[in-house]
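[1] Need a 3D model of the sequence below.
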Amino acid sequence: MKYKKNSKEDFIKLVQSEILTSSEVLEELKVSRQSLSSLVKRGKLTPIKELPRVRLFLREDVEARKEIAKEIQAKYNTVLMNKQ
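    Next comes the predicted model:
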């Protein structure tokens, strides 16, 4: 693949900022490895590339999942407050 001047560097910056490894996703979502596997199996989060010991995810997909998790937590907290 041929790159124009700076395009390789730009591409590297893009990948570094927009692609997350499984470990980074675990930190971002504050979930266990088992929970991440469950999210993937249930189609709630889709890796863009899977290798035997590595999964890569788009940051925007992880951010979207994070927002969904916040909404679910808020609903759960509301239900708990109403039961008290």
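[2] alpha carbons only for contacts and neighbour counts from here, please
    Will do.
[3] Dead centre of this protein: give me the residue that sits there.
    Nearest residue to the geometric centre of the chain (C-alpha atoms, centre = their mean): residue 62, 2.7 Å.
[4] does that residue sit in a helix, a strand or a coil?
    helix (DSSP: H, G, I helix; E, B strand; the rest coil).
[5] where's it relative to residue 47, distance?
    Distance of residue 62 to residue 47, given as C-alpha to C-alpha, to the nearest Å: 10 Å.
[6] so where is the chain shaky, pLDDT-wise?
    1-5 (pLDDT under 70).
[7] Tell me if I'm right that residue 66 and residue 29 touch.
    Yes - Residue 66 is in contact with residue 29 according to C-alpha atoms under 8 Å; the separation is 6.0 Å.
[8] Surely residue 55 is in a strand?
    Yes - judged by three-state DSSP, residue 55 forms part of a strand.
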